[in-house]
Every structure is written in C-alpha cells, then in structure tokens.
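>>> Coordinates only, no sequence provided:
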C-alpha cells in the first residue's frame, strides 16, 4: 500500500477525527435546498440551545453591527443569512475542537488563528472582486486547513516532527507533509470533507489551495472559488507564517492575475482584512495578541525580499553594487513605513495602527490605557530667533528625552510638526500624571545650546486615560481628542505644565485607585522591593489565562450562578461592564470588584516564579512576601462589610 492511502486510511478510521455536528450538516443541507425556508433554519437551530444562544449573541455583536437589537432567531436568520448562519455553526464547532492542552496546544492555537485569518481574508475578497460570495467564502476559508486539525488530532507526536521541521527549515508545511507523510493537509482535508458530504466545490478548494495557479480546474464555478482560496491561503501564511517576503510576492502575483489588483488595492485589501480579523476573533473568543500588525508585516516582507534579491544578485559580477542599492532601498522603505526621518521616533501611521490594536487589547482585558500629547512651547519663536536648523535640533532632543523617559511598553511617536504623542498601556490616572510630569521636567532641565549659549526649552503636556469598552468603536479617536484638548489647556494655563483628563466613570476611577492594593506587583513596588520599570516588564509576562470576572466571583463565593445570569441579562440591554452592573445591583462592592480585576489581570504565581528566575529574590523570600501580601489583602477586604446578595 502506498504512503498516501496509508496516511488517509489511518486518518479516516481514527475515532479522534474531527466531526461536524449534526445540526451543522442539517444547516448545510437546508442552505442548498431552494425549497427550505427561514422556519426550517430556525427550527434546526432551536434543536441545539447552546448554538441558538451563541447565534443570538453574535447577531448583537460588532461583527454584524445591526442597528436594532436582535431578540429572536426569527429575526436573526434573515438578517445574518443562511450561509453565514451555517458558517457560524461550523466556526463554533471547530473552535471547540481546537481548544486543548498539552504539548500540541500551541499548534492547535496556531491552526485556529490561521483559519480565522483565512476566513476573514476570504470574506473580505467579496468587497474586492468576488461580489455576493462573502459568507460562502468565509466558510470555505475556515475549512481549507481542516486537514491540519485532523493530522494534529490523529498523528500527534508524528505530526509534531513535521511541524518542527517546517518551522526550522522555512520550507512550506505542505511540502514537508508530502515528504514525511506522503499526503499534505489539503488532501487530508478534502478526504474528510468528502466523508462529511460537503459540496464538491468546497472539496476542490481544500485540495488545491496550495497548488500551482496553472492547475485550476476548467469549471468556472470551481475555478472562481479555488482562485479565491489560493489568495486566502497566501494571506494566512503572510499573517501567520515566517516567509512574509515570499508570501507577499505570491500574493501580488495571484491578486494581479485573478483580480487585476494594483499595489494600492492590495494594501487596502490587507488593511481591511486586518480589521475583519480582529472582529472575527472577538466573535469567536480568540486571542490575536501575537498576530503582527500590517505595518510590521510590510517591514518584514520588505526586508526578506531585499535579502532574497541580494542572494540572487550575488551570482552576478555586480553583486556588491546591487547589494548596496537594495540595502539602501530596504532601509528607506523601513524608515518610511515605521520611523520619522528627523527624530527616529515612530511615525504617525505606525502610532495610529498601534493605538487601534492596544485599545482593542485593553477592551478585552478591561484595563486602562492612556495617551499623551507633547507640544514644544513657542516653537515658531525658536525657529525665528535661532534658525530652522536649531529648531530641528530641539525636536531631536525632545525625541531623545521621550525615548529615555517613557517605559518599555510605551510607544512614543512624532505626530507632526513640533507635536509628539505617547501611548501608555495599563496606565491609571495617577500614573499618567506622574509620567507626564516626568516628561515635562526632563525637558525643562535639558541642556540645549545654540552657539555655546543655553536656550531654555519647555513643553506643554496633556494626557488622557480611559478603560475602553468592547462595543465602543470610536474610543481611540476620543482618547486622542481628550489628550489633545488637555495639551491645549496646558497652553492656555501658561505653558510648561501638565493637564490630565480622565474619561473613566466615577466607579472606574475608584476601582483604578483600589486595584493596586490587590496586585502583588504594586505591593512590591510600593515597598521599593523591586524597581518599577523592571516590575512593569515582568508583569507583562505574568498575564493569566483570561477568566470571566463572574467565574472568579463564583470561585470566591461572592456570587452564585443565578447572580451571574441576572447580571449577564442586564448587560444585554445596558451594555455596561459586568462589574459595573454587579455594583449597581448591590451584588459586589468596589473592594471585591478591585480584587477580582487584579486577579484577572495578574498571575501572582507566575510573577513570583519570574522574580526568582530573574535573581531578584530567592524562593524563601518570595514565599514570605506572598504570605504578607495575602494577609494585607484579607485585612483590606474585611475592613469593608461584605454585601448580602439578595435572592434571585
């Protein structure tokens, strides 16, 4: 028996093979049946209460953005559409199959994240040349790597060898699969989809998504979907793989050949795909923190393309000259994409994209985020009195001060002219005020000279902080506007001063002040046991696995499941955060909520291990300190009367 049937036989006979739920298969049949109606779809979904609940929740999410609240499946089905409903059912099923622990957990997560990227990229194609196919494209993009999931579940350690070899050598995964297993994940996925009795056009798309573009079938309906999946798979490798340069070149060739894209349209497509990925990931509760931003990918691709061109040019006599030219062009591209030419800080384009990503991250975690505007005082007067060259020198010095003053996790950028901006994640109002004042005072004492004479230079600083909500699409814009307004208020107050605005509610502001009492990192830093900047870096590595605040409250015995359900029901209409609703209902007090938020955002056990690994403390010291910290937390909680939870 040859290697191909042996591999497929092992897969198809395995009890661990991924299986599509019967309700999803029924929805697929109804989608293809022209005589079926909305009532048939609704009744099928109602047969799976968990699926029905998730579809209703999805219908009211930012992913679909319907203007009115969707309350019933009878409303949801025609609004979302048959194919999209089926795609959701398959998505929820596959996401559960991808949730696992153990040595292969990271590879399951990578598979699922790439599947979401491919589904989002496929759906976005509907706006860029594949009109009317959005939901069908999403479902196909989600399924084309099904073979990877099957190989992970059935072959386990044998497949891990293949994955490691592909990662270490940079060779395409499907090529290593063919060499080691005799079949790639496209063949495996097509075989499984055939057993599921999925349409032949979907099977062909899975089979050929990594194929040579010249191998596309003659059937125009099949060809259109296969072309789309070739583009989609390449976008998946571009965002999630290693060879960004190679994938960008292939993406250029495919989109030019099949869709007549120019460079601008390709960039627009990738930018819109990136936005859709974030929305789909939120809908499917998937973490995209490790997914690179579009600007970062472009820089990596440019660098890899340059390196590839250099290697090819080395075969010619003028290799040295071409190497220099390519290196210069690549450096210019990187500077254009990421850096301001004068100051070396990040530019506005990079800052805006980072702001969007960090605001989304803060919304998922329920953590504060701040922005700071810095503007050089009387800059026109400096230019007029000392010349533009000196003005440039002042901007460079301000940039240098910002770079050494802000924290490692902060992002400083030149926003335009004499205006600079800083993005400061995990920054409360009090910390923001401290950071702003540190920047202002550092500039005030900076020794800036012209012709040997010191020239006083000051800045006006404005900061704003907020705790974003998931459904607030404009919070990034409002945060910048608030910081900008605070900076102009500093100007009006006489310059060389700091103004800070908080966009948080009174409860959020109170919680941000209390939460430090229940964070081990804050407790240690407050006692000067660990230097603040070092602690900040360690905290970024000590993020716990995301747990809902309601789950944590139940574990502590502060809420019952009935309380949680009541709060969640209120959230459907109020759109408030869980803690805010619980506080309004009198089910949790501020101190309890602060303790829960601290537990949600910081893993004390992991932080303790990191402190020992860094050589900052030994295990005996850290054990004693944690006991003292726990005692302080309990005393703080006991100081406030526990809320008597009413019967629900």
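Right, received. Where do you want to start? Remember, it's a predicted structure, so these values are computed and weren't measured experimentally.

>>> Please list all residues in contact with the closest residue to residue 215 other than its chain neighbours.
Leaving aside its sequence neighbours, residue 215 sits nearest to residue 208 (Cβ to Cβ, 6 or more residues apart in numbering; 6.4 Å). The way it works is simple: take the backbone N, C-alpha and C, and place the C-beta from them, glycine included. Listed by Cβ atoms under 8 Å, 6 or more residues apart in numbering, the contact partners of residue 208 are 186, 215, 216, 217, 226, 229, 230.

>>> Out of the residues you listed, which sit inside strands?
Judged by DSSP state E, the contacts of residue 208 include no members of strands.

>>> So residue 144 sits against residue 118, correct?
Yes. Between residue 144 and residue 118 there is a contact under Cβ atoms under 8 Å: 6.5 Å.

>>> Please identify every residue contacting each of the two.
Taking Cβ under 8 Å, 6+ apart as the criterion, residue 144 and residue 118 both touch 232, 233.

>>> host element of residue 465?
Taking DSSP states H and E as the criterion, residue 465 maps to strand 459-466.

>>> pLDDT on that strand, on average?
Taken as a whole, strand 459-466 has an average pLDDT of 96.

>>> Could you please name the strands it pairs with and the direction of each pair?
strand 369-376 (antiparallel), strand 498-502 (parallel) (DSSP bridges).

>>> Check those strands for me and report the most buried one.
Ranked by average neighbour count under the criterion mean count of other Cβ atoms under 10 Å, the strands paired with strand 459-466 are headed by strand 369-376 at a mean of 26.

>>> and the angle from the helix or strand just after it to strand 369-376?
Using DSSP H and E, the helix or strand that follows strand 369-376 in sequence is helix 379-386. With axes from the mean of the first three to the mean of the last three Cα atoms, to 10 degrees defining the directions, helix 379-386 sits at 30 degrees from strand 369-376.

>>> Helix 379-386 packs against which elements?
Taking 3 or more Cβ pairs under 8 Å, 6 or more residues apart in numbering; DSSP states H and E as contact, the helices and strands that helix 379-386 lies on are helix 388-405.

>>> so for the helix or strand just after the helix it packs on, what's the average pLDDT?
For helix 388-405, the succeeding helix or strand toward the C-terminus, using DSSP H and E, is strand 411-416. Mean per-residue pLDDT for strand 411-416: 93.

>>> Off-centre distance for strand 411-416?
Offset of strand 411-416 from its chain centre (Cα atoms, centre = their mean, to the nearest Å): 22 Å.

>>> same deal with stretch 552-562?
Worked out by Cα atoms, centre = their mean, stretch 552-562 lies 29 Å from the chain centre.

>>> That one: which residues count as buried?
If you call a residue buried by 16 or more other Cβ atoms under 10 Å, then stretch 552-562 has these buried ones: 552, 553, 558, 559.

>>> Can you check the pLDDT for the closest residue to residue 639 other than its chain neighbours?
Of all residues not flanking residue 639 in the chain, residue 591 sits nearest, at 7.7 Å (Cβ to Cβ, 6+ apart). Here the pLDDT value assigned to residue 591 is 89.

>>> Residue 591 belongs to a strand, doesn't it?
No. Using DSSP: H, G, I helix; E, B strand; the rest coil, the assignment for residue 591 is helix, not a strand.

>>> Around it, how many other residues sit close by?
23 (other Cβ atoms under 10 Å).

>>> Kindly report the same for residue 378.
Look at residue 378: counted by other Cβ under 10 Å, it has 15 neighbours.

>>> One more: residue 519?
Neighbour count of residue 519, defined by other Cβ under 10 Å: 23.

>>> Can you tell me how far the nearest residue to it once chain neighbours are set aside is from residue 591?
In this structure, residue 519 finds its nearest non-sequential neighbour in residue 598, 4.7 Å apart by Cβ to Cβ, 6+ apart. Using Cβ to Cβ, to the nearest Å, residue 598 is found at 11 Å from residue 591.

>>> One more: residue 391?
According to Cβ to Cβ, residue 391 stands 52 Å off from residue 591.

>>> in the stretch 501-648 of the chain, which spans are helices?
With DSSP state H, counting those that start in this stretch as the criterion, the stretch 501-648 of the chain has helices at 506-514, 520-526, 532-541, 549-555, 561-574, 578-584, 590-601, 604-613, 619-639.

>>> Residue 602 contacts residue 540, correct?
No. The criterion here is Cβ under 8 Å, and residue 602 misses it with residue 540 at 10.3 Å.

>>> Compare the two (neighbour count), which wins?
Counted by other Cβ under 10 Å, residue 602 and residue 540 do not tie: residue 602 has more neighbours, with 19 against 11.

>>> List the residues that contact that one.
519, 520, 521, 539, 542, 543, 544.

>>> Residue 100: neighbouring residues, count only.
13.

>>> And the residue lying closest to residue 253 once chain neighbours are set aside, how close does it get to residue 94?
In space, and not counting its chain neighbours, residue 253 is closest to residue 213: 7.8 Å by Cβ to Cβ, 6+ apart. Counting by Cβ to Cβ, the gap from residue 213 to residue 94 is 27 Å.

>>> Tell me which of those two has more neighbours.
Between residue 213 and residue 94, residue 94 has the larger neighbour count (other Cβ under 10 Å), namely 24 against 14.

>>> mean confidence for stretch 606-616?
Stretch 606-616 comes out with an average pLDDT of 86.

>>> Can you point out the buried residues in it?
Neighbour-count burial for stretch 606-616, counted by 16+ other Cβ under 10 Å, picks out 607, 608, 609, 610, 611, 616.

>>> residues contacting residue 478?
When contacts are counted by Cβ under 8 Å, 6+ apart, residue 478 touches 466, 503.

>>> any idea how far it is from residue 36?
Distance from residue 478 to residue 36, by Cβ to Cβ: 45 Å.

>>> likewise residue 149?
Here the criterion is Cβ to Cβ. By it, residue 149 lies 29 Å from residue 36.

>>> again with residue 194
On the measure of Cβ to Cβ, residue 194 and residue 36 end up 23 Å apart.

>>> try residue 144
Residue 144 is 26 Å from residue 36, by Cβ to Cβ.

>>> Compare these two (neighbour count), which wins?
A count of neighbours by other Cβ under 10 Å puts residue 144 above the other of residue 144 and residue 36, at 29 against 15.

>>> looking at this protein, which helix or strand does the model trust least?
For the chain, counting by mean pLDDT, DSSP states H and E, helix 294-313 ranks last in confidence among helices and strands (a mean of 59).

>>> Can you give me the neighbour number for residue 59?
Residue 59: 23 surrounding residues under other Cβ under 10 Å.

>>> Pretty sure it sits against residue 76.
Yes. With contact defined as Cβ under 8 Å, residue 59 counts as touching residue 76 (4.2 Å).

>>> Touching both of these two, which residues are there?
Any residue near both residue 59 and residue 76 by Cβ under 8 Å, 6+ apart counts here, and that gives residue 70.

>>> count of neighbours near the closest residue to residue 386 other than its chain neighbours?
Distances taken as Cβ to Cβ, 6+ apart put residue 450 closest to residue 386, at 4.9 Å, once the chain neighbours are dropped. By other Cβ under 10 Å, 15 other residues sit near residue 450.
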